[in-house]
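Peer 1: Please find the sequence and the predicted model below.
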Amino acid sequence: MDHLHFMAQAQSTASGWQVLIMYVLLIAGMCFLLVVPQRKRQKEQQKMLDGLKSGDKVVTTSGIIGTIVNLKGSKFVLKIADDTKIEIFRSYIQAKLDKSEKAE
C-alpha cells in the first residue's frame, strides 16, 4: 500500500511541474508576442523623429499638419498657416508626410 501511495504522490508532483512549466512557457510566449512588435514600432518612430529636419511636412498626434521651420532641442517650430507658427515637442510628431501628400 505504501508503494502505491508513493507512486501516486510522485506522479502528482511530476504533473504539477509539467503544468508549471507549461504556464511559464505560455506567459513567456505571450510577452514575446506583445513586446517585440511594440519595440519595433518604437525604434521606427525614433528613427523617423531623428531624421526630421527643417522643411519636412509632418502631422502631429492631434492631427495638426505643418512644416518644420526650426529645431529647438526637444521642440520643433511648425508653420501651420501663413504667419502662424507653433512650438511642439518632438514626441508629439506622429508621422512625416511625403512632399506629394496633401491635407484632405
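Peer 2: Okay, I see it.

Peer 1: In this protein, where is pLDDT below threshold?
Peer 2: Applying pLDDT under 70 to the chain picks out residues 1-14, 99-104.

Peer 1: Show me the domain layout of it.
Peer 2: Using automatic domain parsing, the domain parsing of the chain gives 1-50, 53-97.

Peer 1: tell me the helices in the protein, going along the chain?
Peer 2: 2-50 (DSSP state H).

Peer 1: so which of the domains of the chain is the most packed in?
Peer 2: With neighbours taken as mean count of other Cβ atoms under 10 Å, the domains of the chain reach their highest mean count in domain 53-97, at a mean of 14. Using the backbone N, CA and C atoms, a C-beta is placed for each residue, glycine as well.

Peer 1: Can you give me the first-to-last residue distance of it?
Peer 2: Chord length of domain 53-97, first to last residue, is 12 Å (Cα to Cα, to the nearest Å).

Peer 1: Would you pull up how far it lies from the middle of the chain?
Peer 2: 21 Å (Cα atoms, centre = their mean, to the nearest Å).

Peer 1: Then stretch 48-68?
Peer 2: The chain centroid and the centroid of stretch 48-68 are separated by 19 Å under Cα atoms, centre = their mean.
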